[in-house]
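1. following is a predicted model, sequence given first.
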Amino acid sequence: MIATPHRPRFAVPGMPHPLRTTAICLVLLLVLVATVVAALCLGDVVLDPRDVLGVATGTADGGTTLIVTEFRLPRVLAGVLAGACLASSGALSQSLLRNPLASPDVVGVSHGASAGAVLLLAAGISPGFVPLAALAGAVVTATALVLLGWQHGLSGERVVLIGIGLSSIFTAVVTWAVVTFPVTVAQQALLWTAGSLFGRTWTEVGWACLAAVVVLPIALVQLRRLGVLELGDDLARGLGLRADRARLGLLATAVALAATAVALGGPITFIALGVPHLARALAGPPRPITPTPGTLLLGALLGSVLVVAADLVAESGLPQPVPVGVITATLGAPWFCWLLLRSARAERPAAERRTA
Amino acid sequence: VPHATRQGWSSPLVWAITVAGLVLAVGASLFLGARPLSPVEVVDGLAGSGDTTAMLVVADLRLPRTLLGLLTGAGLAVAGAVMQAITRNPIASPSVLGINAGAAFAVVAAVDLLGITSALGYTGFALVGAAVTAVLAYALATAGGNASPTRLALAGAVIATMLSAWTTTMLVLSGQALEEARHWLAGSLVSRGTDVLFVTAPLIVLGLVLAAGLTRGLDALVLGDEQAASLGLRPTRTRLWGALAVVLLAGASVAAAGPIAFIGLVVPHAMRLVVGGDHGRLLPACALAGPILLLSADVVGRLVARPAELEVGIVTAIIGAPVLIALARRAGEPTA
C-alpha cells in the first residue's frame, strides 16, 4: 500500500533538503541551550536563571558561582559531549554495517568498556583512571569484533551476532567482579555500568572535549566515503577508493566516538541506537541510512539534548536520583521494540515477492 | 535448515560414551572440591558413616549441588533444543531470549521491594519473571512474520537491556539487596536448601516429559509449517506446547540455580553434530550432555579459584561465548 520504502531513482542516494536540516539544527541548538540552562538551574538548590546567567557575566555571588561552575557545568557539558558522540557513532555504524539496528551498545563496545572500568575499580586503583580503562576496554572489544567478524569484508548480521557473544563474555567479567569484591566496591562498579554522569570533573570533560573536537570533524570528512561505499565495492574501487581500508577507517572513527562517550558517562544505552533514526525522521525524506553532514550534526545536537534532559530527569525529576542510563533505557527500549515491529512489517512484502 | 537433514551416529557406543561422561562428571562433582577429601572419606560421607566434617561437606553440600547440576543442566539443554526447533532458529536459547534477565529482575525486585529472602520466594519470583520475559521476547520477535536469528537476538537483547538497567538501579540504591542477591545473580549451584530442589525438580521433570512427547512434532516443525501440516501435525499447537515446556524447563532451572548462560545454546549444537537432528535422539542426548557440561564447569569453578569459588554461570559464559561466535562465523560463510 502506502508503505513502500523510499528508493532513490538513481544509485546516488537522495539528500534531505539542506534548508530544512539547517532550520532544524538551529531549533535544536536553541532547545539545547534551554535544556542546559534548565539543568544548571535545577537540583538540590534551585537557582534563578538570571543568577545562572549572572555567573557568565561575573556578577553572581560566590555560592552560586561555585555550584554552577564546579558541580553543575562539568556534568551538563559531559552530557552534551556524551550525547553528541554516541549519536554520531551510532549514525556511522548503522550506515557502515548497513543495519539500522547496529550500534556500539548492541555490538558489545559498551560492555567491553564496562569490563575495563569495573576491573580497574576492583583492583582498587584510583577512580580517576576509570575513563582510561573504559577506553582500553572499548578498543579491545572493537579490535576483537573486527578480527572475528572480518570474512570477505564486514557483514552487519555477523558483526551483531559476534558482538552479542563478546558482550556476554564481558558481562561475565563484570559479574565476577560484583560477586567477588566487597559490596561497596561492587556498588561503585554497578553504578558505573548503569551509565551515570554523577560527579564529573573538569579534567575528564576537558579530555573528552579534546577527543570530540578531533574526532567529530574526521567523521564529517569521512561521510563522503560512506556514500561511495554504498555504491558497492567494485564501483568504489573504480572511483579510486579502497573499500576495506575505508571501512576500517570509518569503524575506527565510530569506535573512537563511542569510546569517548563511554569513558565520560559509562554506557548510556539507546542514544547511539535511537537518535540516528530520530534524526532521519526529522530531516525528512528520502531518509538515507548514510548521514549527510547536516543530518550528522542534527543527530549530534539531538543526542546532546536527550542526554542532558534525561540526566535532568534522573537527578531531579524522581523521588530518588538514579543513573541517567536507566532513564534512556526505560524510554529507549519501547522505542526499539517499535522499530523491530516496523522493520518486520517492511520485510514481509519483500519476502512474499521473492516466493511468488 | 541444514541440521535437519544431518545424519548422526546413534550406535550404542555413542550412548555408552555419553553415559560414561555423565558418570565421570557426577563423580568429579562429588569427589573434587575446595576442601580436599580422600575418596574413602567421600564414600563414607555418602554412606553416612564418616567423620562429621566429611559428612557435612559431602552429604549437605556436594550431593545437593550435584543433584541440582543434574536437573538444571538437563533442563537448560533440553529447553535450548526445543526452543531452537520451535523458533527454527539456531541461536535461540534461554539466555539469548532474555529469560535470565527477566528472572534476575524479578528476584532483585522481590528482595529489594518486598524483602523476600527465602529460597522458595526466590524460586517463585524467578519463575514468573522468566515466563513473562520469554513470552514478551518471542511475541516481539515473531510479530509480523518468521523470526530471523538477528531479530530474535535483538528482541531478547533489548528486553534484557531494559530489565538489567532496572535491576542495576535497584542494586546500586540498596546495598542490602546487592549483598543478598549477588551470588544468585552470578548463577551458582551452591545449594540453598533442599526445599528448592523439591519445588523445581517436579517442574523440570514435567517439562522433560512434555518435551519427550513432542519429539515427532518438533521434527516436523524443523521441516517447515506447511510440511508439518501436510503430515497431519498441528504446528501451532506443537509450538505452544513446546513453549510451555521451555518455560517450565528454563524457568525452573534459572529459578533454582540463577541465570546460567549458554548451556541451552552450546549443548544442543554440539549434540546435533554427534547424534543428528532427529529429536527422538537429540533430546535425550541433550538431557545427558547438559549436566556433563554444567557439572564440569562447576568443578572447574571450584578448583581454579581455591579456596574461593568461581560461580558456574561465569564459567559457562566464558566457555559458551566462543561457541556463539564460531556459529556466527560459520553462518556467515557463503553457501551455494
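-> Cool, got the structure.
2. so which elements touch the helix or strand where A:Glu204 lies?
-> In the assignment (DSSP states H and E), A:Glu204 maps to helix A:202-229. With contacts taken as 3 or more CB pairs under 8 Å, 6 or more residues apart in numbering or on different chains; DSSP states H and E, helix A:202-229 sits against helix A:73-96, helix A:130-149, helix A:233-238, helix A:243-265, helix A:293-312. The C-beta positions use only the backbone N, C-alpha and C, and glycine is treated the same way.
3. anything in the third one near chain B?
-> No. In this structure, helix A:233-238 remains apart from chain B according to CB under 8 Å from any CB of the partner chain; the gap is never smaller than 14.8 Å.
4. for that helix, the distance to its chain's centre please.
-> 30 Å (CA atoms, centre = their mean, to the nearest Å).
5. just the buried positions in it, please.
-> Along helix A:233-238, these residues count as buried under the neighbour rule (16 or more other CB atoms under 10 Å in any protein chain shown): A:233, A:236.
6. elements contacting that helix?
-> Counting contacts by 3+ CB pairs under 8 Å, 6+ apart, helix A:233-238 packs against helix A:202-229, helix A:243-265.
7. rewinding a little: buried ones in the helix holding A:Glu204?
-> A:204-205, A:207-209, A:211-212, A:215-216, A:219-220, A:222-223, A:225-229.
8. flag the shaky bits of the stretch 101-250 of chain B, pLDDT-wise.
-> B:144-150, B:153, B:191 (pLDDT under 70).
9. can you list the residues of it near chain A?
-> Proximity of the stretch 101-250 of chain B to chain A (CB under 8 Å from any CB) is limited to residues B:140-141, B:143-145, B:149-151, B:153-155, B:157-159, B:161-162, B:165-166, B:168-169, B:171-173, B:175, B:178-179, B:182-183, B:185-186.
10. what's the helix or strand for the residue nearest the centre of chain B?
-> Residue closest to the mean C-alpha point of chain B, counted by CA atoms, centre = their mean, is B:Leu76 at 2.3 Å. Per DSSP H and E, B:Leu76 falls inside helix B:63-86.
11. downstream neighbour of that helix in the secondary structure list?
-> Using DSSP H and E, the next helix or strand after helix B:63-86 towards the C-terminus is helix B:99-114.
12. okay, angle between that next one and helix B:63-86 too, please.
-> Counting by axes from the mean of the first three to the mean of the last three CA atoms, to 10 degrees, helix B:99-114 lies at 130 degrees to helix B:63-86.
13. so which other helices or strands are in contact with helix B:99-114?
-> Partner elements for helix B:99-114 (3+ CB pairs under 8 Å, 6+ apart): helix B:119-142, helix B:149-173, helix B:175-186, helix B:235-257.
14. need those helices in JSON lines (columns: distance to B:Leu70).
-> Formatted as JSON lines, these follow (distance: least, CB to CB, whole Å):
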{"stretch": "helix B:119-142", "distance to B:Leu70": "17"}
{"stretch": "helix B:149-173", "distance to B:Leu70": "27"}
{"stretch": "helix B:175-186", "distance to B:Leu70": "19"}
{"stretch": "helix B:235-257", "distance to B:Leu70": "11"}
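15. now mean neighbour count too, for the ones you listed, in JSON lines please.
-> Below are these laid out as JSON lines (neighbours: other CB atoms under 10 Å in any protein chain shown):
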{"stretch": "helix B:119-142", "mean neighbour count": "21"}
{"stretch": "helix B:149-173", "mean neighbour count": "24"}
{"stretch": "helix B:175-186", "mean neighbour count": "20"}
{"stretch": "helix B:235-257", "mean neighbour count": "24"}
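16. pull out the buried residues from stretch A:26-42.
-> Buried-residue list, stretch A:26-42, by 16+ other CB under 10 Å: A:28, A:31-32, A:35-36, A:38-41.
17. so which of those residues are in strands?
-> Of the positions in the buried residues of stretch A:26-42, not one sits in strands, assigned by DSSP state E.
18. which among these gets closest to A:Ile289?
-> Nearest to A:Ile289 among the buried residues of stretch A:26-42: A:Leu28, at 20.6 Å, using CB to CB.
19. quick check: closest non-adjacent residue to the closest one.
-> Leaving aside its sequence neighbours, A:Leu28 sits nearest to A:Leu301 (CB to CB, 6 or more residues apart in numbering or on different chains; 4.0 Å).
20. next, count neighbours for that neighbour.
-> A:Leu301 is flanked by 24 other residues according to other CB atoms under 10 Å in any protein chain shown.
21. in contact with it, which residues are there?
-> Applying CB atoms under 8 Å, 6 or more residues apart in numbering or on different chains to A:Leu301 gives the contacts A:25, A:28-29, A:32, A:84.
22. and of those residues, the nearest to chain B?
-> Nearest to chain B among the contacts of A:Leu301: A:Ala84, at 21.7 Å, using CB to the nearest CB.
23. so for the closest one, what pLDDT did the model give?
-> pLDDT, A:Ala84: 95.
24. how much space separates the residue nearest to the centre of chain B from B:Ala257?
-> From B:Leu76 across to B:Ala257, the span is 9 Å (CB to CB, to the nearest Å).
25. how about the contacts made by A:Trp335?
-> A:270, A:274.
26. if we use 7 Å, what do you get?
-> A:Gly274 (CB atoms under 7 Å, 6 or more residues apart in numbering or on different chains).
27. where does it land in three-state SS?
-> helix (DSSP: H, G, I helix; E, B strand; the rest coil).
28. tell me the pLDDT at it?
-> Predicted confidence (pLDDT) for A:Trp335: 81.
29. any idea of the angle the helix holding B:Leu76 forms with helix B:149-173?
-> 140 degrees.
30. which elements pack onto helix B:63-86?
-> Using 3 or more CB pairs under 7 Å, 6 or more residues apart in numbering or on different chains; DSSP states H and E as the contact test, the elements touching helix B:63-86 are helix B:12-31, helix B:194-213, helix B:215-223, helix B:235-257, helix B:263-275, helix B:279-304.
31. chain center to the fourth one: distance?
-> The one in question is helix B:235-257. On the basis of CA atoms, centre = their mean, helix B:235-257 sits 11 Å off its chain's mean C-alpha point.
32. the last one too?
-> Relative to the mean C-alpha coordinate of its chain, helix B:279-304 is positioned 9 Å out (CA atoms, centre = their mean).
33. helix or strand next in line after that helix, which one?
-> Following helix B:279-304 in sequence, per DSSP H and E, is helix B:312-332.
34. which outside residues touch that next one?
-> Residues outside helix B:312-332 that contact it (CB under 7 Å, 6+ apart) are A:148, A:151, A:155, A:158, A:161-162, A:164-166, A:168-169, A:171-172, A:175-176, B:90-91, B:186-189, B:258-263, B:265-266, B:269, B:294, B:297-298, B:300-301.
35. in it, what counts as buried?
-> Buried residues in helix B:312-332 (16+ other CB under 10 Å): B:312-321, B:323-325, B:327-329, B:331-332.
36. orientation of it relative to helix B:263-275 in degrees?
-> Using the same axes, to 10 degrees: helix B:312-332 against helix B:263-275 is 50 degrees.
37. what's around the nearest residue to A:Val262 once chain neighbours are set aside, how many residues?
-> Leaving aside its chain neighbours, A:Val262 sits nearest to A:Ala113 (4.2 Å; criterion: CB to CB, 6+ apart). By other CB under 10 Å, the residues close to A:Ala113 number 33.
38. try B:Pro36
-> With other CB under 10 Å as criterion, B:Pro36 counts 9.
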